[in-house]
Structure formats: C-alpha cells, structure tokens
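> sequence first, predicted model second:
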Amino acid sequence: MDMESVDERISALRAVGVPYATGYEEQALADLKAQAKEITQGLHKSGFTQIDGIKIESDKKIIAIIAYLQRLGIDIKGNNSPFEDLPSSKALGTGILEQRNQNK
C-alpha cells in the first residue's frame, strides 16, 4: 500500500470536490495507520493471521480494500462514523461525516 503520497492524494481529491477538512493532509497518514492497525487486529482476533501463506499485516492492500468497503457501508447507511477515535477526529474537531450532516 502506498503511504508516501497520501497527503498529495488528499490535496488532489479536495481539488475535485471531496470535502476533506482543511489541514487534513497532516493527519491523513496517522488516520490511515490507525485504521489499518484496527482492521488488522480485528482480523487477527477472528483467526485470520495469514491467508495462503501470506501474513496479514497493516500495510497490505487487502487492508485498504477492507477500509474502503467499510467506508462504503457507512456512507450508504448514513450512520455516524466508526472512525471517530482516529487521530484526526480529535485534532480537527468534527469529522467529515459530521460536518456533512450539519450542512443538511
């Protein structure tokens, strides 16, 4: 998983209309790592430490896919974010979902 260009990708997505909070570039990598760690730990607790001899670690692309699918499920259901404990939620105040819900 490419973690080096996260801040650049956040900036590019904001430029095309994705409502990332100002300054989120500085927090995005910490969020990515925290979320990846949480997903990896959950998989390990469920007995998935490796698949076909490949160790499941937080820097694997499958973890990013799982995070993406979780996000889709949250957006479709319109529920509050399960990621409110991520570093940026504390550093930047209300999260993106909460900001969007307030604007409705």
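Here it is on my side, so go on. Computed from a predicted structure; not experimentally measured. Numbering: from 1, shown residues only.

> what is the least confident helix or strand in this protein?
helix 96-102 (a mean of 50; mean pLDDT, DSSP states H and E).

> which strands and helices lie in contact with the biggest helix by length in the chain?
The helix spanning the most residues in the chain, taking DSSP state H as the definition, is helix 25-45. Applying 3 or more C-beta pairs under 8 Å, 6 or more residues apart in numbering; DSSP states H and E, one finds that helix 25-45 makes contact with helix 6-15, helix 61-77, helix 87-91. All C-beta atoms are positioned from the backbone trio N, CA, C, and that covers glycine.

> list the buried ones in the longest one?
Meaning helix 61-77. I62, I63, A64, I66, A67 (16 or more other C-beta atoms under 10 Å).

> closest one of the residues you listed to M1?
A64 (5.1 Å; C-beta to C-beta).

> disregarding residues adjacent in the polypeptide, which is nearest to that closest one?
Distances taken as C-beta to C-beta, 6 or more residues apart in numbering place M1 nearest to A64, at 5.1 Å, with adjacent residues excluded.

> what do you get for E25?
Per C-beta to C-beta, 6+ apart, closest to E25 is D7, 4.0 Å.

> and the pLDDT for the one you found?
The confidence metric pLDDT takes the value 90 at D7.
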